[in-house]
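A.B. asks: Quick one, structure for this:
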Amino acid sequence: MHNQEIKQLIEAADDAINKEDFEGLMEFYSADAVLVVRPGVIAKGKAQIRTAFAAIAEFVNHNLTVKQGNMCILEAGDTAMVLSRTLLDVGQKTDADHHSIERKATYVFKRDSDNRWRCIIDNSYGAELLDAAEQEI
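C.D. replies: As a prediction, the model looks like this:
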């Protein structure tokens, strides 16, 4: 339940986010990946995902640190699901808005034709999406 290769990919992606290296970050994703920007808002494909990360950086005043806590990685063939405690240290418009957030994220990876793992679904909100969907009903 612990794929070291995927764990290292996630750590490298977090590092790219922290450094605002969004071009480098796109290597982490498949061409048709989906990113949950927030409940009810998704980005599809690398161009939209890159734009979303740039907008998030701007929104948090270029003060975002992402890291992972405990992870559980479940693999079946060329697909893997990662459950992770994602830790966000966020600074927004003013220092008074600075805070830390812990999310129970869900990521889905698939091996591509080059035998490299790529993220196909990036959902840092995890099952919280269910709560948002229930509020829409």
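
A.B. asks: now the strands for this structure?
C.D. replies: Per DSSP state E, the chain carries strands over the ranges 29-38, 41-44, 63-76, 79-91, 99-111, 117-123.

A.B. asks: which of the ones you listed sits most buried?
C.D. replies: strand 117-123 (a mean of 20; mean count of other C-beta atoms under 10 Å). (Each C-beta comes from the backbone N, C-alpha and C, glycine too.)

A.B. asks: What strands flank it, and is each parallel or antiparallel?
C.D. replies: When pairing is defined by DSSP bridges, strand 117-123 lines up against strand 29-38 (parallel), strand 99-111 (antiparallel).

A.B. asks: Any idea which of those gets closest to residue 10?
C.D. replies: strand 99-111 (7.0 Å; C-beta to C-beta).

A.B. asks: residues making contact with that closest one?
C.D. replies: 6, 9-10, 30, 69, 78-90, 117-128 (C-beta atoms under 8 Å, 6 or more residues apart in numbering).

A.B. asks: go on, stretch 8-24?
C.D. replies: 25, 28, 50, 53-54, 57, 62, 64-68, 71, 82, 84, 107, 109, 117, 119.

A.B. asks: go on, stretch 40-53?
C.D. replies: For stretch 40-53, using C-beta under 8 Å, 6+ apart, the contacting residues are 17, 20, 22-23, 25-26, 29, 31-37, 122, 132, 136.

A.B. asks: For it, which residues meet the burial criterion?
C.D. replies: Buried positions in stretch 40-53, judged by neighbour count with 16 or more other C-beta atoms under 10 Å: 42, 43, 45, 46, 49, 50, 52, 53.

A.B. asks: Please flag which of those residues sit within helices.
C.D. replies: 45, 46, 49, 50, 52, 53 (DSSP state H).
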